[in-house]
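Undergrad: Sequence plus the predicted model coming up.
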Amino acid sequence: MDKILVCGKKPLYGTINVSGMKNAALPILFATVLVGGRFSIGNLPNVSDINETLSILKQLGATVIGEPGNKDNITVIDTTRLKDDLTLSPQRSEKMRASYYLIGAALGRCGKASVGVPGGCDFGYRPIDQHLKCFSALGATVKQENGMILAEAPEGLKGTRVYFDVVSVGATVNAILAATRAEGFTILENVAKEPHIVNLTEFLNFCGAHISGAGTDTIKIRGEQHLHGCDYDIIPDMIEAGTYMIAAAITGGDVLVDNVIPKHLESVNAKLMEMGVDVTVNDESVRIRRDPDKALQNTKVTAMPYPGFPTDMQPQMCALMCTCQGTGYITEAVWNSRFGYVNGLARLGAQIVVNGKMAVIEGGHPLSGTTVTAVDLRGGAALILAGLAAQGVTVIDKIHLIERGYDDIVGKLERLGADIKRVSFPG
Ligand code: EPZ
């Protein structure tokens with residue numbers, strides 16, 4: 001029953017340090033199962049999806065030393081000896097989406113996977129047909145039974161060519177995991193190009209894999225059985241960075257968002273500049289300034305796969321667009337149903353019309369605080385941002401959804417001068 005309370009209208013000032021990227025860390029943690037060895041992983045974010053994944057690794061028999069967020073910022077994981085049975089129950093796997101990375105990892109390691117159907121944010125129907133198609137193409141028999149996905153390749157996986165019908169981050173990760181130890185060559189076409197795909201392949205190559213082409217449409221893998229552990233740092237979280245950039249813009253503040261890879265933020269920077277935000281790009285930081293007396297201009301945003309504007313920044317951008325002059329348009333080109341959070345923004349006074357995969361935002365209507373409920377991770381972050389811009393107190397419910405992916409969001413905003421706190425209410 002914990003909630004976040006935000007009292008808005010306070011410009012933010014100072015420096016914020018961005019944590020490691022959840023969506024890059026998750027594939028790498030499951031890749032430690034595939035490889036088998038001792039790893040020293042730096043910069044794991046202290047968020048519940050990562051803690052849940054570490055707990056899954058322990059359940060599978062791994063040793064884990066160093067909680068995320070420890071003072072050295074390093075977690076040592078040993079997956080050399082795991083249990084014979086790498087099964088993950090539906091109750092555990094439905095706690096998050098990335099649990100399905102265990103299918104690719106376990107298939108690659110021991111030719112057998114038995115994992116419950118995954119959970120994750122509710123964006124409507126989330127098929128996994130492209131994952132299953134790839135496992136089958138690599139020679140596994142795949143079936144779904146009693147809430148479990150069962151995949152088996154007793155003779156081992158064999159390299160192949162797979163063309164993905166849709167660009168999918170998850171299917172690309174699972175395909176890489178499964179193919180890394182497969183016999184022979186695998187060519188994956190029409191793959192996702194997100195920075196976390198590049199991060200995963202770099203990690204696996206440090207472990208002795210032979211993967212090329214990450215960051216382009218086509219990835220080539222020469223199967224390698226002899227892999228080993230390594231030391232590796234997770235890249236900074238571009239979505240967390242973008243969220244704080246919008247926090248600075250929406251409050252009319254001056255914030256240095258530090259420890260970022262500016263290349264990953266190009267689409268967000270471009271939109272913010274177009275709207276009238278002052279953006280200065282440095283080597284490893286971005287400074288966001290906005291005069292609180294100067295209204296921003298509304299814009300058009302299309303959320304699409306990288307390097308397009310990220311769908312995981314679409315709700316936060318929508319919150320900012322509610323405060324801008326004129327009409328704004330958002331087209332969501334990745335998910336069928338990612339506007340659930342709009343109800344919360346409307347309760348705060350925003351004027352938004354949603355029609356299928358498009359939202360039209362009539363900017364400039366004043367926002368005022370009330371109680372709202374997070375419906376998913378980034379939608380919940382959008383409610384915090386809107387609360388920072390609203391008159392009075394906004395109370396945000398179901399904050400465990402936000403804490404799946406934001407490391408100490410309340411503390412970080414508080415240190416920038418936001419009037420925000422996390423409060424426990426008796427359940
Ligand atoms: C990842 O989800 C992220 N999650 C999501 O971030 C992010 O929104 C998404 O990629 C897109 O960038 C993690 O990394 C854990 P997809 P994923 O497979 O991999 C369709 C967040 O807020 N599709 O790239 O599940 C699918 O329905 C989360 O941190 C198929 O049709 O997304 C969607 O329309 C939320 N068949 C599109 O592809 C498949 O087999 C992209 O989905 C797989 C996907």
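TA: Happy to help now that I have it.

Undergrad: Could I get the contacting residues of whatever residue of the stretch 51-200 of the chain ends up closest to the ligand?
TA: Residue of the stretch 51-200 of the chain nearest the ligand, by CB to the nearest ligand atom: residue 170 (2.8 Å). Quick note: C-beta positions are derived from backbone N, CA and C, even for glycine. With contact set as CB atoms under 8 Å, 6 or more residues apart in numbering, residue 170 has these partners: 97, 98, 100, 101, 128, 131.

Undergrad: So it: helix, strand or coil?
TA: Taking DSSP: H, G, I helix; E, B strand; the rest coil as the rule, one finds residue 170 in the helix state.

Undergrad: how near is it to residue 1?
TA: 32 Å (CB to CB, to the nearest Å).

Undergrad: cool, residue 313 as well?
TA: Using CB to CB, residue 313 is found at 29 Å from residue 1.

Undergrad: And for residue 85?
TA: Counting by CB to CB - residue 85 and residue 1 are separated by 36 Å.

Undergrad: same thing with residue 174?
TA: In terms of CB to CB, residue 174 sits 36 Å off from residue 1.

Undergrad: quick one, which of those two is more surrounded?
TA: Neighbours were counted for residue 174 and for residue 1 using other CB atoms under 10 Å; residue 174 has more, 27 against 10.

Undergrad: Please identify the helix or strand for the closest residue to the more buried one other than its chain neighbours.
TA: What sits nearest to residue 174 in space, not counting adjacent residues and going by CB to CB, 6 or more residues apart in numbering, is residue 104, at 3.8 Å. Assigned by DSSP states H and E, residue 104 belongs to helix 101-110.

Undergrad: what's in contact with whichever helix or strand comes after that helix?
TA: With elements assigned by DSSP H and E, the helix or strand that comes after helix 101-110 is strand 112-116. The contact list for strand 112-116, computed with CB under 8 Å, 6+ apart, reads 85-94, 99-100, 102-107, 147-154.

Undergrad: For ChimeraX, what selects the buried ones among these?
TA: To isolate the buried members of those in ChimeraX, using 16 or more other CB atoms under 10 Å:
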select :86,87,88,90,92,93,94,99,100,102,103,104,105,106,107,148,149,150,151,152,153
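
Undergrad: Cross the contacts of strand 112-116 against helices and list the overlap.
TA: 90, 91, 92, 93, 102, 103, 104, 105, 106, 107 (DSSP state H).

Undergrad: Now do the same contact list for the second one.
TA: Translated: residue 91. By CB under 8 Å, 6+ apart, the neighbours of residue 91 are residue 116.

Undergrad: Per-residue pLDDT of the nearest residue to residue 159 once chain neighbours are set aside, please?
TA: Counting by CB to CB, 6+ apart, residue 159 lies nearest to residue 184, which is 3.4 Å off, once chain neighbours are set aside. Here, the pLDDT recorded for residue 184 equals 97.

Undergrad: Hmm, residue 341 and residue 123 touching each other?
TA: No: counting by CB atoms under 8 Å, residue 123 stays clear of residue 341, with 10.8 Å between them.

Undergrad: Between these two, point out the one with more neighbours.
TA: Neighbours around residue 123 and residue 341, counted as other CB under 10 Å, are more numerous at residue 341. The numbers are 26 against 17.

Undergrad: What sits closest to that one if chain neighbours are left out?
TA: residue 379 (2.7 Å).

Undergrad: cool, residue 123 as well?
TA: Going by CB to CB, 6+ apart, residue 123 has residue 335 as its nearest residue, at 4.1 Å.
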